[in-house]
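> quick one: sequence plus predicted model below, questions after.
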Amino acid sequence: MKEHIRIDSTYPHVLIMTAVQGEQDAVLRGLGEAKGFDVRLAGVGPASAAARTATALTAAKYDLVISAGIGGGFREQADVGSLVIANEIIAADLGVETAEGFASVDELGFGSARVPVEPHLPLKLLQLLKSTSIPTSIGPIVTLSTATGTANTCAELSKRIPGVAAEAMEGYGVALAAHHLGLPVMEIRAISNIVGPRQRELWKIKEAMQTLETAFSILPEVLHR
Ligand SMILES: O=C(O)c1cccc(C(=O)CC[C@H]2O[C@@H](n3cnc4c(=O)[nH]cnc43)[C@H](O)[C@@H]2O)c1
């Protein structure tokens, strides 16, 4: 008789938050029959994401929370078609403007605009993604309530946050709700466009959804399932 070896997962119940339905569908296609994952809609922007993640976290017990979807990549850090896994999730517009420039809530002493991520999982996912053709990088992902639409804002963000790899609009909200409950977090973004002057017609949404699907087909293996 075949012997079945059971490997207990450190993360038996995982909550995945996506902004919109298309992203949710891509993640669900990737996960396939994998057990232990709930994929919920966060809505667009950090406030909606925080509120809806907090609601989901009061309704059930989870061991890991992931913000996932498409995102903008910073030139020379993350190309369209690539995947970025966060090593830090940063609310890039949470602070004040001063005559000397932007000052974050950290500098003002009002909490932190940065949420640390689970340190081992990004590298494990990166390693397993080597079996695919998806270029993958690990770096800071910023959350903004207003998506960047000019070269000036893009340059300012790159200067202020060294190595910033991607931007999206929900990560910090999802991460903060999880962090308040002591839960580990991740953010995974499939790059649909380059951050800078807004050129919506150039966004490669279909390709980014395919990248997202592939990443989530690998994730159960990363979490030992
Ligand atoms: O038009 C569509 O078919 C479509 C399908 C799925 C998603 C969208 C979105 O526009 C989602 C917005 C969502 O995407 C993130 N995102 C993507 N690129 C950026 C960016 O350059 N800067 C900030 N956010 C970006 C973001 O998280 C939004 O929630 C459309």
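Here it is on my side, so go on.
> those helices in this protein, which residues are they?
Under the criterion DSSP state H, the chain contains helices at 21-31, 46-59, 105-108, 121-128, 151-160, 171-180, 205-222.
> pull up the residues of this structure that are close to the ligand.
19-20, 22-23, 44, 69-72, 147-148, 167-170, 192-193, 195, 205 (Cβ under 6 Å from any ligand atom). The way it works is simple: take the backbone N, C-alpha and C, and place the C-beta from them, glycine included.
> residue in this structure nearest to the ligand?
The ligand sits closest to residue 72 of the chain, with a gap of 2.3 Å, by Cβ to the nearest ligand atom.
> so what's that residue bridging to?
Per DSSP bridges, the residues bridged to residue 72 are residue 167, residue 193.
> let me see the contact set for it.
147, 148, 166, 167, 168, 191, 192, 193, 194, 195 (Cβ atoms under 8 Å, 6 or more residues apart in numbering).
> repeat for residue 215
30, 83, 125, 129, 134, 188, 190.
> point out where the chain drops to low pLDDT.
Residues of the chain meeting the criterion pLDDT under 70: 1-8, 225.
> how does it look with 50?
1-3, 5-7 (pLDDT under 50).
> so for it, the centremost residue is which one?
residue 187 (2.4 Å; Cα atoms, centre = their mean).
> isn't it up against residue 87?
No. Contact between residue 187 and residue 87 fails when scored by Cβ atoms under 8 Å: they sit 9.5 Å apart.
> now do the shared contacts for the two.
residue 117.
> re earlier: now the contacts of residue 72 in TSV, with neighbour count?
Converted to TSV, those look like this (neighbours: other Cβ atoms under 10 Å):
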residue	neighbour count
147	16
148	22
166	28
167	28
168	28
191	29
192	23
193	20
194	19
195	27
